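Chemist: Need coordinates for the below:
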Amino acid sequence: MKTYIVGGAVRDRLLGLPVVDRDHVVVGATPDAMVALGFQPVGKDFPVFLHPKTHEEYALARTERKSGHGYKGFTVYAAPEVTLEADLQRRDLTINAMAEDETGALIDPHGGQRDLAARVFRHVSAAFAEDPVRILRVARFAARFTDFAVAPETLALMRQMVDNGEVDALVPERVWQEVARGLMEVQPSRMFQVLRDCGALARLLPEIDRLFGVPQPPQHHPEIDTGVHVMLVVDWAARQGASLPVRFAALTHDLGKGATLPEHWPSHHGHEAKSVELVRVLSERIRVPADCRDLAVAVARDHGNVHRALELRPGTIVELLERVDAFRRPERFEAFLLACECDFRGRPGYEDKPFPAADYLRQALHAALTIEAAAVARSVEPAHIREAIFLARTAAVAAWRDRPPAASR
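Modeler: Alright, predicted model coming up:
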């Protein structure tokens, strides 16, 4: 029985990055032997165990044989005679197919160290094509390791997998899992670029794919292309360390522009309502969690109103605050404003421009909150409570807005 550290821990150590999780492969053991040593079994599809003290994962060396469509269509074989080299052979990329033994010696049968130095994502073998999740993983790695490129032969194999319909077998939850992880990487736009390059974006996220090549008014969008704009917005959100809901909202805020008829370009009148509909369709299809979906809907619907905030009437401002649930959920309101600011700054030359709308709406909310809703409710008939609170808040916002500049500060 021999134990090896494998995969990402070896890769990250060689790159000089912090090693967060360490995965191990065990050669020459059986499940019963692992349990006898105190390891806790957790694997469903193949034998994986948790160390009794460190709780790190230890998997028995295994091979896989394709037996059906999709990423679950495999027959797994794990036995004491499976070698480390056979286990590494089934892995996705050469940079993830390295191991270290108990002395720290490197085992690198597929040139992973060479590809690390060359900053290349290269598949280990033709078996790469048997698992469509690997397309998403390569794209996600591109968002994390921003100076790496996909090897031409690997990109060609990914295109072939798309053409063969392998990506169509991916279950929605797995698509969302990988997309969400990619959105939380350093430069999410690189994930979508790789997916576009191999044709997978059009199959998995057509609402995003069709934004590329759609023009916008150059006086407002120097980058012109809607897809380029959305990528700039997502990357800006990443640089701010934004949460996943904010990054998903940044990605989907302009989906409606992809539905504008070409004869109306570069205008996109009414794209907000179309965006809301498409956000809901996309979220339903890939099982986006409610917190991400709901913030994305709010941003898609009202980001234009935020950009025009200083021109809005007091009543319209209060309606906006109510729609985004600012009175009950101020932390979500902050996420909403951040996503809208990312939209504003996702344009060349706008990175350092003033964005007064966010503070303006924060102050308007503060003014509206000076109204004690419970006291207003007690002063009117039940049927008029909502209207009375709305009018009181509108009056408070109007009074704040109409103060002389010195007083408002």
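Chemist: Kindly check the end-to-end length of stretch 234-244 for me.
Modeler: End-to-end distance for stretch 234-244, by C-alpha to C-alpha, to the nearest Å: 11 Å.
Chemist: List of residues touching it?
Modeler: Here stretch 234-244 makes contact (C-beta atoms under 8 Å, 6 or more residues apart in numbering) with 180, 183-189, 192, 246-247, 250-251, 292, 335, 338-339, 342, 345-346, 351. From N, CA and C alone the C-beta is placed, and that goes for glycine too.
Chemist: what pLDDT, on average, does that stretch get?
Modeler: Averaging pLDDT along stretch 234-244 yields 98.
Chemist: can you check stretch 331-351 too?
Modeler: Mean pLDDT, stretch 331-351: 97.
Chemist: Sort out which residues of it are buried, please.
Modeler: By neighbour count on 16 or more other C-beta atoms under 10 Å, the buried set for stretch 331-351 is 332-333, 335-347, 350.
Chemist: returning to that earlier point: taking the contacts of stretch 234-244 one by one, which sit in helices?
Modeler: 180, 183, 189, 192, 246-247, 250-251, 292, 335, 338-339, 342, 345 (DSSP state H).
Chemist: tell me which of the buried residues of stretch 331-351 is nearest to residue 120?
Modeler: Nearest to residue 120 among the buried residues of stretch 331-351 is residue 346, at 29.5 Å by C-beta to C-beta.
Chemist: my read: that closest one touches residue 228, true?
Modeler: No - using C-beta atoms under 8 Å, residue 346 and residue 228 do not qualify as a contacting pair, with a distance of 9.2 Å.
Chemist: what ranges do the strands span in the stretch 101-250 of the chain?
Modeler: Remark: strands assigned in the stretch 101-250 of the chain by DSSP state E, counting those that start in this stretch are 106-107, 120-121, 149-150.
Chemist: How far off centre is the first one?
Modeler: Spelled out, it's strand 106-107. 33 Å (C-alpha atoms, centre = their mean, to the nearest Å).
Chemist: quick one: strands adjacent to that strand?
Modeler: As defined by DSSP bridges, the strand partners of strand 106-107 come to strand 99-100 (antiparallel).
Chemist: contacting residues around the strand it pairs with?
Modeler: Defining contact as C-beta under 8 Å, 6+ apart, one finds that strand 99-100 is touched by 4, 5, 6, 10, 25, 84, 88, 106, 107, 108.
Chemist: Report the contact partners of the second one.
Modeler: With C-beta under 8 Å, 6+ apart as the criterion, the residues that contact residue 5 are 22, 23, 24, 99, 100.
Chemist: who wins for neighbours among those?
Modeler: Ranked by the number of neighbours (other C-beta atoms under 10 Å), the contacts of residue 5 place residue 99 first, at 26 neighbours.
Chemist: mind checking how far that residue is from residue 138?
Modeler: Distance, residue 99 to residue 138, by C-beta to C-beta, to the nearest Å: 21 Å.
Chemist: One more: residue 81?
Modeler: Between residue 81 and residue 138 the computed distance is 31 Å (C-beta to C-beta).
Chemist: Looking at these two, which is more packed in?
Modeler: The neighbour comparison of residue 81 against residue 138 (other C-beta under 10 Å) goes to residue 138, with 26 against 9.
Chemist: any idea which of the contacts of strand 99-100 is closest to residue 220?
Modeler: Set against residue 220, the nearest of those by C-beta to C-beta is residue 10 (47.9 Å).
Chemist: What is the helix or strand where that closest one lies packed up against?
Modeler: Counting by DSSP states H and E, the element that carries residue 10 is helix 8-14. Where contact means 3 or more C-beta pairs under 8 Å, 6 or more residues apart in numbering; DSSP states H and E, helix 8-14 is packed against helix 112-118.
Chemist: Pull out the buried positions in the helix it packs on.
Modeler: By 16+ other C-beta under 10 Å, the buried positions in helix 112-118 come out as 112, 113, 115, 116.
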